[in-house]
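Engineer: From the sequence below, what's the structure:
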Amino acid sequence: MKTKFISFQLVCSCFLLFLAADIVAQDSKIVEANDFFLDSPDSTKYAVIMVGPTVGDESKSKFRQWAFSLHDILARDYGYSSETISLLFDRGESQGAGAERIDGACDLQGIQQQFASLKSVVKTGDQITVFLMGHGSGEEEEAKFNIVGPDITGIQFAEILDGFEQQDIVIVNTTSASFGFSASLSSEGRVVISSTRSATEKYDPIFSRYFIEALDNRNGDRDKNSRVSMLEAFNYAKSNVEEFYEEQGRLASEHAGLDDNGDALFSLNPTTAEVDGRLAEIAYIDTLIDSSAGLPTAAVRLKGRMQELERSVFILRGRKADFLEADYWQQMEVLLIDLARATGQFNEQVNEQATQ
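Structural biologist: Below you'll find the model as predicted:
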């Protein structure tokens, strides 16, 4: 009798969870309904780091340090490898310390070849995060990312990214005058971060420094779930940039913005309660493989289930205003119970492995 009662509870829980998911999916205008950034054990995450040319040894050394640090942090802390990280740096240097990280030149041909190569290996549901460092110029249709040789416009780069409709895309554009180029890349289901809010912010931003710091040792993990979302990394970097200018007693020459609903209207203060921020909250840089290294297959699947349920909690929380109070808490209870159950099963798997 007790077994039948438990089975009935589980059936009811599954039904309520299905009902919650169905309600969330009803509004096609909500980007979360399309299962963007839904991590799974079968998906792969790729990173493309693009560093354009610069003038002066100091600037070149700074961009080199940032690019190499980002490359190493992704490999060390987030489960990426030489096969999933691509670094296009200036003219594609093959000499000097750390040159083995560089995969090619940051010119139009190198960019086209890199994304063509990526297109041949990605699967549906994979994630591609693009980091841009260096200089930008122009505005609107003429907005450009300065590369070796003829610069690439935002419209040209958007056409390249449009070939990845079945993949989740994040763009972190940390160049000067990045806004116009970034706005050209805005699209439903994409998270686009710009270190500046207009073409007039032409001085080299320091946003990149603090964005990378947010990823380093997961410094940006504000909710302490051992993961760093794009929203967390953005807010960490933005806050530290503001503190930097305050301590220097200077007016800020950069104001970062985030767009994740495809309207190209970047929010300077994105939150899950606003139009921008909900998708960025569930877009993570880490790979499931890294966080589950050495675990049995069952544990990896449970880890994926935990992340999926956590994602559903975030989505439901962001849409609280769309539900009656009682319905909201009923659906939240179902998700939290399932998350607790999956977490318990995962911990049992980990403890069992540890005793073997």
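Engineer: Helices of this protein, start to end?
Structural biologist: For the chain, the helices defined by DSSP state H occupy 2-26, 57-77, 108-119, 154-161, 179-184, 207-215, 230-248, 278-281, 288-291, 297-318, 325-354.
Engineer: Could you export the ones you listed as a markdown table, including mean pLDDT and mean neighbour count?
Structural biologist: All C-beta spots, glycine's among them, are computed from the backbone N, C-alpha and C. Shown next, in a markdown table, are these (pLDDT from 0 to 100; neighbours: other CB atoms under 10 Å):
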| stretch | mean pLDDT | mean neighbour count |
| --- | --- | --- |
| helix 2-26 | 41 | 12 |
| helix 57-77 | 94 | 17 |
| helix 108-119 | 97 | 16 |
| helix 154-161 | 97 | 18 |
| helix 179-184 | 96 | 26 |
| helix 207-215 | 98 | 23 |
| helix 230-248 | 97 | 19 |
| helix 278-281 | 91 | 26 |
| helix 288-291 | 57 | 19 |
| helix 297-318 | 76 | 19 |
| helix 325-354 | 81 | 15 |
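Engineer: can I get these in CSV with distance to residue 126?
Structural biologist: Below are these laid out as CSV (distance: least, CB to CB, whole Å):
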stretch, distance to residue 126
helix 2-26, 22
helix 57-77, 15
helix 108-119, 9
helix 154-161, 14
helix 179-184, 22
helix 207-215, 19
helix 230-248, 16
helix 278-281, 17
helix 288-291, 12
helix 297-318, 14
helix 325-354, 24
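Engineer: quick one: which of these is nearest residue 44?
Structural biologist: helix 288-291 (8.3 Å; CB to CB).
Engineer: Name the nearest residue to residue 204, ignoring sequence neighbours.
Structural biologist: Leaving aside its sequence neighbours, residue 204 sits nearest to residue 176 (CB to CB, 6 or more residues apart in numbering; 5.5 Å).
Engineer: give me every residue that touches that neighbour.
Structural biologist: 135, 136, 137, 195, 196, 201, 202, 203, 204, 205 (CB atoms under 8 Å, 6 or more residues apart in numbering).
Engineer: How far does stretch 45-62 sit from its chain's centre?
Structural biologist: 20 Å (CA atoms, centre = their mean, to the nearest Å).
Engineer: got the CA coordinates for that stretch in PDB?
Structural biologist: This file holds the C-alpha atoms of stretch 45-62, laid out as PDB (Å, rounded to 0.1, in the frame of the first residue of the first chain):
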ATOM      1  CA  LYS A  45      30.600  23.900 -25.500                       C
ATOM      2  CA  TYR A  46      33.100  25.800 -27.700                       C
ATOM      3  CA  ALA A  47      34.900  29.100 -27.200                       C
ATOM      4  CA  VAL A  48      36.300  31.300 -29.900                       C
ATOM      5  CA  ILE A  49      38.600  34.100 -28.700                       C
ATOM      6  CA  MET A  50      39.300  36.800 -31.300                       C
ATOM      7  CA  VAL A  51      42.000  39.500 -30.600                       C
ATOM      8  CA  GLY A  52      42.500  42.200 -33.100                       C
ATOM      9  CA  PRO A  53      45.700  44.200 -33.800                       C
ATOM     10  CA  THR A  54      46.600  47.100 -31.700                       C
ATOM     11  CA  VAL A  55      49.200  49.900 -31.600                       C
ATOM     12  CA  GLY A  56      51.900  50.000 -28.900                       C
ATOM     13  CA  ASP A  57      53.700  47.400 -26.900                       C
ATOM     14  CA  GLU A  58      51.700  48.100 -23.700                       C
ATOM     15  CA  SER A  59      48.300  47.500 -25.400                       C
ATOM     16  CA  LYS A  60      49.500  44.500 -27.200                       C
ATOM     17  CA  SER A  61      50.900  43.000 -24.000                       C
ATOM     18  CA  LYS A  62      47.700  43.700 -22.200                       C
END
